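>>> Return a 3D structure for these sequence lines:
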Amino acid sequence: MAIGRVPRLVTLVQRALAAGPMPQEELLERLRQAGLRADVGVVWETCRTHGIADLRDDVWTPRGWAPPAVAANPSGDTTTQIPAQRIDGERSSSSRAERRAAIHVRRYANDLGLATPEPLAPVGPVPAGWESAVHGACRALADELVKVTSRRTETDVSLVDGHEAGRTASRRLVRFEAQSEIGAAEGTRGVLIVDDLHLEVDVISVFGTVVTLSLPPDAPAAIREATLRLDLSWLLSLQSRRLRELMHGGPGFNAEAALAAVSPDNPSSLSQAPAIEHLGPDEADQLNDGQRHAVELALAHGTTWLWGPPGTGKTTTISALVAALHARGKRVLLAAPTNAALDVAVASVLKRTPQLASGGALVRLGQPTDTLVAHPAGGAVLVDAIAAERGAAVAEERVRVGNQLRQCRQALAELRRIKLALTDSQQRKRSNLENQIAELNAIAAGLDRLLLEARRKICREAAVVAATAHQTMLDTLKSLTFDVVVLDEASMTTATLAMLVAGAGSGHTVIAGDFRQLPPVVLADTPAAQEWLHKSPFEKAGIARAVHDGRTPNRLAALNTQYRMRYAIAQVVSTAFYRESPLITADVVLFRERRSQAAWARSDLVVLDTSGLAARTARRQGGASRYNLMHSQLVAALLGGATTQTRDLAMITPFAAQARLLESLLIESGLNGWASSTVHRFQGDERDIVVYDTVDTGHGLTKLHRWFTDDDADSTGPRLLNVAASRARDHLVVVGAFNQLHRKGSSTGPLWRFFAHLLDGATKLSWQEAIGLSNGATEHVSRESVLRRLCGDISNAATVEMWLPTAPLVGLQTLLPALRALPPAEGDARPDTIWIEPERDGFPPAEALHARRQGVNIRLCTPILESSAVIGDVVWSAGGSLLGPDPGVVLRTQNRAFADLVRRTQRRKRSQTVPGTGQLGDDCGRCRRLLVRFELPSRGTTDMRYHCPACDRSPSSTRDKRRR
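Numbering: from 1, shown residues only. A predicted model of the protein is given here:
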């Protein structure tokens with residue numbers, strides 16, 4: 001939130017709450033009406049900082065407020081009396097616009113078949129224990145909201161490089177590059193600010209700093225740059241509000257079914273064996289025995305758990321189940337936590353039962369990924385597309401009204417920019433515009449209500465409705481009921497959200513996933529959050545614990561025949577992560593032809609050990625997300641050694657910053673079948689060849705991430721490793737410093753078992769061999785030629801940026817002539833920035849002082865975890881200090897896109913108080929010495945500040961924290 005807007009927000013909130021408590025949604029609407037858009041996190045932080053109000057049960061209560069005494073009127077009625085004259089005035093000011101809008105909208109109702117009112121769903125059963133569960137879940141959501149808002153440092157995110165990524169009948173998908181990290185999940189709502197235009201948008205996906213947004217159809221055709229204002233708390237508030245609405249039950253909601261999805265003592269899950277309904281020959285087509293048993297088990301009423309380890313055909317099983325349920329006349333809700341997971345399931349269902357793709361038999365809510373947009377049946381199953389087709393006139397009118405609204409708002413904004421008093425004609429124009437906007441707003445709202453009712457009607461009539469988990473709480477599906485609920489990828493869904501999804505059914509619930517793969521992503525670590533958010537329904541209902549203890553529930557169907565991984569890969573994955581239900585490799589895999597080949601993919605399992613490189617792990621822009629430049633250069637070497645026969649390849653890593661670096665390598669060398677992703681984003685996908693980059697090495701950042709040290713089977717680290725390794729079909733290549741990753745542990749721990757069996761069965765590939773196969777993509781530069789080659793690169797470059805950790809900078813003097821000869825940059829930007837870690841007393845080394853006197857832009861920073869340089873299109877990295885007496889192994893990679901992204905990854909951002917890369921550093925105002933930039937890790941973020949080593953007391957914990 002911009003600093004200048006805080007006082008106005010404080011004033012507006014105080015004014016809105018002057019009369020007493022107010023629901024959260026109403027307060028946000030009041031702020032929007034006043035022209036200020038602020039998410040719940042901004043309001044929460046402002047109210048807390050200024051002591052204005054407290055948030056309790058989704059209601060803002062002013063500090064010190066007490067209910068006023070109500071005096072009874074002579075008739076005994078205690079209702080507050082409002083002057084009739086005031087009521088009449090308010091009604092007359094709005095009724096005319098509302099009447100005109102209502103008449104305008106009513107003409108379109110018959111076009112959508114909405115003449116009869118929607119039937120009201122009955123209130124579902126409410127079992128004992130439901131109210132307690134709601135209280136616990138709401139406490140967890142409140143704790144997560146506090147954590148989310150406390151970690152938020154800014155509301156607005158600058159976006160660049162916008163380009164269209166897809167289009168549906170009612171929305172446009174636009175992809176941007178974010179200039180800072182986006183801490184938002186799929187489904188988060190936001191506002192896209194383009195000049196004076198504010199567009200309501202949804203976040204479809206976030207991958208590193210690449211964000212895909214869903215825009216309304218009347219948005220400008222080409223948006224290259226914009227600002228995204230996020231409501232990071234929206235999904236949390238949505239769940240909390242919906243749970244409180246359902247505290248005592250509600251229309252169309254079955255609290256009994258909801259509680260059964262998370263109850264450890266649910267008899268239908270853990271003890272009672274259901275009656276099995278056998279499938280017919282056609283229904284069981286292409287299913288193995290385990291898959292057929294799972295479908296037959298899930299056809300019975302009650303809660304069924306489908307455990308589908310990687311490659312075992314869980315999606316195939318679900319598609320067969322949906323087809324069988326449809327054949328038996330059951331209405332099905334198919335849900336998943338993400339758009340990508342949902343689209344995989346929808347595509348599989350349509351492939352098995354193509355007749356569902358016509359006539360609205362299967363409808364998909366929300367905005368799909370590119371895969372479904374490109375699907376031949378994609379447009380036919382999207383609820384917005386069906387609604388637009390059936391009510392084309394309404395949709396066209398909504399677009400026309402939206403365009404008129406935008407034009408009127410732009411004209412009104414032009415009047416606002418006038419500094420002088422408005423003339424009479426300008427005042428009349430302003431009044432006319434305000435009247436038009438009021439009426440158009442009412443018409444737009446009415447048309448939106450019609451389209452919403454049309455979408456609900458389409459969903460009521462559909463046999464299968466597909467939606468992401470959070471969409472079950474939105475207006476389109478709210479209170480609609482289904483015969484069967486199927487929740488896929490439930491291991492990534494919180495227990496709280498799973499309850500809300502299951503409650504849309506009759507008690508016939510199928511919960512599918514793999515509790516050995518990725519858990520939900522949660523920030524809060526309170527007892528309530530651990531119980532309701534960190535746990536998926538598998539953990540909350542005791543299914544995972546029962547399997548671990550050797551007690552297999554009767555309502556659990558465990559798939560174990562896998563069709564993806566080669567035998568050696570499957571054995572490592574099975575031994576490490578599936579000891580209770582070992583994976584069996586299908587015979588078809590043993591004889592499957594290898595489609596992709598590479599000289600370095602010498603066997604099913606390959607390890608590229610970087611233990612001897614001292615490759616340094618650093619943090620993106622000095623912040624949180626980790627990356628390893630030398631590992632990226634070795635992967636570049638592997639790509640350089642690939643051929644056209646290396647058709648299907650993925651580079652996977654746990655960290656978003658590293659994934660983006662690897663992705664940049666594909667711009668010049670990638671084929672259509674190549675991809676780069678984080679492990680989280682790649683769950684559910686597969687490739688012939690998977691290169692898994694572990695990133696952490698114990699150098700630079702000396703403390704390994706807990707993902708590599710917490711060896712509990714239920715922790716995130718083993719699950720990440722499981723997902724990454726099990727994406728590989730034919731070849732798994734693991735890049736890592738195994739002297740750190742496998743230096744300790746117990747044979748009972750999944751991490752230890754994985755690395756032990758991997759190292760025992762894999763072919764070893766040295767980093768020298770990888771570079772030798774790279775066709776020059778990455779070079780190993782000898783110590784004797786480092787300075788000569790650096791001078792040559794600087795002479796051919798326009799910009800130079802270096803990051804040099806503590807060491808005598810013996811090579812800096814040699815580079816001075818080339819650095820001084822750099823061409824001047826435009827404006828105040830410097831073509832050179834040499835970041836140097838100061839000596840222990842806080843002062844720069846003598847070589848750096850001499851270079852600064854020669855005009856080189858020397859900057860001081862601690863800690864510097866990198867040892868690298870980006871010179872034009874060339875990236876250098878070293879195990880030691882690049883210009884020190886012992887630089888260690890030095891690698892050089894020339895790649896324009898890679899160099900550009902490395903520059904952005906390492907470049908320090910400018911802030912209001914801290915200059916960044918490309919700018920001159922500040923001097924102390926007292927002693928004129930060069931200030932030191934401190935980057936101290938603090939609760940998952942980085943505290944950046946400046947100190948003078950002579951006049952200020954430097955943070956005492958710097959040396960202790962610097963390598964964490």
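
>>> and Tyr578, what does it touch?
By C-beta atoms under 8 Å, 6 or more residues apart in numbering, the residues touching Tyr578 are Pro309, Arg516, Asn560. Yep, even glycine has a C-beta here, placed from its N, CA and C like the rest.

>>> OK, contacts around the last one?
It stands for Asn560. By C-beta under 8 Å, 6+ apart, the contact set of Asn560 is Gly290, Pro309, Thr312, Tyr578, Ser581, Pro582, Leu583, Ile584.

>>> Output those in a markdown table, with secondary structure and distance to Gly550 appended to each entry.
Compiled in a markdown table, those are given as follows (DSSP: H, G, I helix; E, B strand; the rest coil; distance: C-beta to C-beta, whole Å):
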| residue | secondary structure | distance to Gly550 |
| --- | --- | --- |
| Gly290 | helix | 19 |
| Pro309 | coil | 17 |
| Thr312 | coil | 20 |
| Tyr578 | coil | 14 |
| Ser581 | coil | 11 |
| Pro582 | coil | 14 |
| Leu583 | coil | 18 |
| Ile584 | strand | 19 |
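
>>> so which of the residues you listed comes closest to Ser677?
The nearest member of these to Ser677, counting by C-beta to C-beta, is Pro309 at 20.3 Å.

>>> just checking, the closest one touches Leu583?
Yes: using C-beta atoms under 8 Å, Pro309 is in contact with Leu583, at 6.1 Å.

>>> shared neighbours of the two, which are they?
What both Pro309 and Leu583 touch, as defined by C-beta under 8 Å, 6+ apart, is the set Asn560, Gln562.

>>> Distance-wise, check Asp483 relative to Leu822.
Computed as C-beta to C-beta, to the nearest Å, the Asp483 to Leu822 distance reads 71 Å.

>>> Can you get me a residue count around Gly827?
Burial of Gly827 is recorded as 7 neighbouring residues (other C-beta atoms under 10 Å).

>>> what secondary structure does it sit in?
Here Gly827 is recorded as coil under DSSP: H, G, I helix; E, B strand; the rest coil.

>>> Which parts of the stretch 601-750 of the chain are helices?
Here the stretch 601-750 of the chain has its helices, by DSSP state H, counting those that start in this stretch, at 629-640, 656-664, 666-669, 679-682, 716-725, 738-741, 750-761.

>>> closest to Val363 out of the ones you listed?
Val363 lies closest, by C-beta to C-beta, to one member of the helices of the stretch 601-750 of the chain: helix 679-682, at 26.0 Å.

>>> helices and strands around the closest one, which ones?
Under the contact criterion of 3 or more C-beta pairs under 8 Å, 6 or more residues apart in numbering; DSSP states H and E, helix 679-682 touches strand 649-653, helix 716-725.

>>> how about the CA coordinates for the shortest one, as CSV?
Translated: strand 649-653. The C-alpha coordinates for strand 649-653 follow below in CSV (Å, rounded to 0.1, in the frame of the first residue of the first chain):
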residue,chain,number,x,y,z
LEU,A,649,12.4,-33.4,-21.2
ALA,A,650,11.6,-31.6,-18.0
MET,A,651,13.8,-29.7,-15.6
ILE,A,652,12.3,-29.7,-12.1
THR,A,653,13.4,-28.0,-8.9
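
>>> same question for it, mean pLDDT?
Averaged over strand 649-653, pLDDT sits at 95.

>>> which neighbours does that strand have in its sheet, and in what orientation?
strand 674-678 (parallel), strand 687-693 (parallel) (DSSP bridges).

>>> Generate CSV for these, with mean neighbour count and distance to Thr643 as supplementary columns.
Below are the strands paired with strand 649-653 laid out as CSV (neighbours: other C-beta atoms under 10 Å; distance: least, C-beta to C-beta, whole Å):
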stretch, mean neighbour count, distance to Thr643
strand 674-678, 22, 12
strand 687-693, 26, 12
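
>>> Which one of the ones you listed lies nearest to Ala725?
Ala725 sits nearest to strand 687-693 of all the strands paired with strand 649-653, at 6.6 Å, using C-beta to C-beta.

>>> where does the stretch 601-750 of the chain dip in pLDDT?
744-746 (pLDDT under 70).

>>> Over to the stretch 151-300 of the chain?
Residue ranges of the stretch 151-300 of the chain with pLDDT under 70: 151-155, 168-170, 179-187, 207-209, 232, 265-275.

>>> show me where it has strands.
For the stretch 151-300 of the chain, the strands defined by DSSP state E, counting those that start in this stretch cover 156-167, 172-178, 189-194, 197-207, 210-215, 226-230.
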